[in-house]
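Peer 1: Sequence and predicted structure are below.
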Amino acid sequence: MVREKVERRGEYRYVVYDDEHWRLLGQLREEAARIMKPLREAGLAPIIHGSIARGDVHPGSDIDVLIPSIVPSYLVELALERAGLRPAYKLVVQATPQSTPKAYIVLDVEEKRVVSFPLAKLSKTEYEFYYFGGALSYEELVDGKRVPGVDKRLVLIEPTSEGHRESPVMGREAEVARIVGVSVETVLERVRVLTRRDELGRTGVFVKVELEPWESVEEAVLRIARENPLFRRALRVKGSPLI
C-alpha cells in the first residue's frame with residue numbers, strides 16, 4: 001500500500017464526486033450499517049470513523065467500527081454472529097507502551113472490516129482521535145449524514161452537496177479543532193504524530209498479538225499481561241477491570 005504523505009504546505013481544493021464515487025460511498029456505508037446494526041441492537045453504541053464518515057472514500061477504504069467503551073468481548077462476538085458476521089481472527093493491540101490496549105475483531109483476512117473496543121478507559125485525546133478523523137453514530141450513518149474530519153495527509157475534509165472541500169491543517173490548528181469538534185490539544189498531538197511518522201516512516205506497534213482460535217479476548221489479555229510488564233502496567237494505570 002502506498003503511504004499517504006503529509007501535506008505540509010497544503011492547498012485549498014474543491015472536489016466533485018462522480019456517479020461511481022457516490023455508488024462506492026453508498027455501498028461502503030450500507031456494509032458499515034450491516035456491521036453496526038446488531039451492535040446497536042445489543043446496546044453497544046458503535047461509531048464508524050474515517051473516510052466513510054467524511055465521504056472521501058476510495059476502493060481500498062477500510063470499514064473501521066469502534067465501540068468506545070470497555071465491554072465484554074462475548075457480547076460483541078454474539079451480536080455479530082447473530083447477524084451472520086464471524087471473525088476471521090482476533091487481535092490485541094497496543095500502539096505504544098503509553099497507549100490504551102484495544103481488542104480487534106477482524107471480519108476479513110485483508111483487515112478491511114474491523115470492530116474494535118478499548119480494554120481500559122480511553123484518554124481524552126485517544127477518544128477525540130476518532131472524531132478528529134470524522135465519526136458517526138449508527139443513526140447518523142443511516143440518516144445519510146457526513147461530517148468534517150482530517151485524513152492521514154493532514155488535510156481537512158469538509159463535506160459539500162457535490163463532494164467535499166479540502167484545506168490545510170498545519171497553521172490552522174485552533175480553527176480545525178473548532179470545525180471537527182475536538183480540543184486543540186488533540187489536533188496538535190495528531191500533527192506531531194503524523195509529521196514524525198512522515199519523517200521516520202511507520203515504526204510498528206508495541207504489542208500486536210493474534211489470539212488462538214479458541215481463546216477469548218479476556219483470556220488473551222491475562223496471558224499477555226503475565227508476559228509483558230509494560231502492557232500489564234498500562235492496564236492497571238488506566239483502571240482496566242480485566243486484571
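Peer 2: That came through fine. Residues are numbered from 1 along each chain as shown.
Peer 1: which is the next helix or strand following the helix ranked longest in the chain?
Peer 2: Identified as the longest helix of the chain according to DSSP state H is helix 19-41. Remark: after helix 19-41, the chain's next helix or strand is strand 47-49, criterion DSSP states H and E.
Peer 1: Quick one: list the elements packing against that next one.
Peer 2: Taking 3 or more Cβ pairs under 8 Å, 6 or more residues apart in numbering; DSSP states H and E as contact, the helices and strands that strand 47-49 lies on are strand 63-66, helix 124-132, strand 135-137. Backbone N, C-alpha and C define where each C-beta goes, glycine included.
Peer 1: what does the average pLDDT come to for it?
Peer 2: Strand 47-49 shows an average pLDDT of 98 in the prediction.
Peer 1: quick one, phi psi at Leu156?
Peer 2: With angles defined as degrees, to the nearest 10, Leu156 sits at phi -80, psi 130.
Peer 1: can you tell me which residues contact the residue lying closest to Thr195 once chain neighbours are set aside?
Peer 2: Residue nearest to Thr195 in three dimensions, not counting chain neighbours: Val6, with 5.6 Å by Cβ to Cβ, 6 or more residues apart in numbering. With contact set as Cβ atoms under 8 Å, 6 or more residues apart in numbering, Val6 has these partners: Lys152, Arg153, Leu154, Leu194, Thr195, Asp198.
Peer 1: Report the buried residues of the longest helix of the chain.
Peer 2: In terms of neighbour count (16 or more other Cβ atoms under 10 Å), helix 19-41 has its buried residues at 21, 24-25, 28-29, 32-33, 35-40.
Peer 1: Then stretch 186-196?
Peer 2: Residues of stretch 186-196 classed as buried under the neighbour-count rule (16+ other Cβ under 10 Å) are Thr186, Val187, Glu189, Arg190, Val191, Leu194.
Peer 1: before we move on, back to that, format the helices and strands packed on strand 47-49 as CSV; extra columns: mean pLDDT, mean neighbour count and distance to Leu44.
Peer 2: Below are the helices and strands packed on strand 47-49 laid out as CSV (pLDDT from 0 to 100; neighbours: other Cβ atoms under 10 Å; distance: least, Cβ to Cβ, whole Å):
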stretch, mean pLDDT, mean neighbour count, distance to Leu44
strand 63-66, 98, 24, 10
helix 124-132, 97, 19, 15
strand 135-137, 98, 22, 12
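Peer 1: Quick one: closest of these to Val109.
Peer 2: strand 63-66 (14.4 Å; Cβ to Cβ).
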